[in-house]
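Visitor: coords below, sequence missing:
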């Protein structure tokens, strides 16, 4: 695929040289626990995905010498965009035999990686990204995967924080999806034109079973919301009733973010094992 062209006006002011090549400014400095997954025997790097006339950048990781089409996992970032941590997660999936694709879903609104202040990042970029735009971009990513070595009959999605919420939404949107794993994604919120519905509104529409991984000490997602989601799933679609939520006691938000102080090694490793098992148990 063609490399990212910073002069392309359809990409607005997104000028980071390499998707996934560095950590976002807002998360610096990273902690000593930061995991670095090598690219040995992998095909990694930036690709561009056509969404109509728009060219969306994404980070792709896959086994270098794959025979036949690969199962596909979409990796959806936190509010910081596809920085080094998300690229590393994609490489972890590639080491397991997946074609992992992490699309830059904020680029029309700005470069999430260049913001040093989280409040400013949310106000100027994240809050302006419509759910409908994101779902369309993910559909385009699936189409790209299908044309570039992916077996979209074996399609999964996982996401973190902002991406965790999107994971729930995509599980209610994409009928090809086989399995989803949402890491501490917000479950409820105000409804408006940008975010017309939230995960708690969508349990009747889920088309793929979701594994939700949540922290019992998450200051932004109350345990009451998790309990409400568990009850709503019981009364939802067939896929909703096959879904499951794990609530880790005394565990904060972003417990899988090994580059941040919120990282909890035990829970993160358990979540990773559960994630892989969830995908495999649902045919991905």
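Guide: Thanks, I have the structure now. Keep in mind it's a predicted model, so treat the numbers as computed, not measured.

Visitor: residue 104 contacts residue 81, doesn't it?
Guide: Yes. Counting by CB atoms under 8 Å, residue 104 touches residue 81, with 5.9 Å between them. Where you see a C-beta, it was placed from the backbone N, CA and C, and this is true even at glycine.

Visitor: neighbour count: the two, which is higher?
Guide: Remark: of residue 104 and residue 81, residue 81 carries more neighbours, 30 against 27, as counted by other CB atoms under 10 Å.

Visitor: could you pull out the helices for the stretch 51-200 of the chain?
Guide: In the stretch 51-200 of the chain, the helices defined using DSSP state H, counting those that start in this stretch lie at 84-95, 118-124, 131-147, 162-171.

Visitor: so can I have JSON lines of these showing mean neighbour count, distance to residue 41 and mean pLDDT?
Guide: Listed next are the helices of the stretch 51-200 of the chain as JSON lines, based on neighbours: other CB atoms under 10 Å; distance: least, CB to CB, whole Å; pLDDT from 0 to 100:
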{"stretch": "helix 84-95", "mean neighbour count": "24", "distance to residue 41": "8", "mean pLDDT": "97"}
{"stretch": "helix 118-124", "mean neighbour count": "14", "distance to residue 41": "35", "mean pLDDT": "94"}
{"stretch": "helix 131-147", "mean neighbour count": "19", "distance to residue 41": "20", "mean pLDDT": "98"}
{"stretch": "helix 162-171", "mean neighbour count": "27", "distance to residue 41": "27", "mean pLDDT": "98"}
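
Visitor: in CSV, list those along with distance to residue 210.
Guide: Formatted as CSV, the helices of the stretch 51-200 of the chain follow (distance: least, CB to CB, whole Å):
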stretch, distance to residue 210
helix 84-95, 17
helix 118-124, 25
helix 131-147, 15
helix 162-171, 5
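
Visitor: which one, of those, ends up nearest to residue 56?
Guide: Counting by CB to CB, residue 56 lies closest to helix 131-147 out of the helices of the stretch 51-200 of the chain; the figure is 5.9 Å.

Visitor: what's in contact with that closest one?
Guide: The contact list for helix 131-147 (CB atoms under 8 Å, 6 or more residues apart in numbering) reads 47, 49-51, 56, 58, 72, 74, 76, 99, 101, 103, 105, 108, 152, 155, 157, 166, 169-170, 173-174, 176, 194-197.

Visitor: also stretch 228-238?
Guide: 187-188, 199-200, 203-207, 212, 240-241, 243, 245.

Visitor: average pLDDT for it?
Guide: Averaged across stretch 228-238, the pLDDT comes to 98.

Visitor: cool, and stretch 274-284?
Guide: 98.

Visitor: report the buried residues of that stretch.
Guide: 275-276, 278-279, 282, 284 (16 or more other CB atoms under 10 Å).

Visitor: next structured bit after the helix or strand harbouring residue 211?
Guide: Per DSSP states H and E: residue 211 is located in strand 210-215. Using DSSP H and E, the helix or strand that follows strand 210-215 in sequence is helix 223-234.

Visitor: what about the strands in the stretch 1-150 of the chain?
Guide: Secondary structure of the stretch 1-150 of the chain (DSSP state E, counting those that start in this stretch): strands at 42-51, 54-63, 70-76, 99-103, 150-160.

Visitor: could you dump those to a markdown table with mean pLDDT, mean neighbour count and distance to residue 225?
Guide: Shown next, in a markdown table, are those (pLDDT from 0 to 100; neighbours: other CB atoms under 10 Å; distance: least, CB to CB, whole Å):
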| stretch | mean pLDDT | mean neighbour count | distance to residue 225 |
| --- | --- | --- | --- |
| strand 42-51 | 97 | 18 | 32 |
| strand 54-63 | 97 | 24 | 31 |
| strand 70-76 | 98 | 27 | 20 |
| strand 99-103 | 98 | 28 | 26 |
| strand 150-160 | 98 | 23 | 17 |
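
Visitor: sweet, I'm off.
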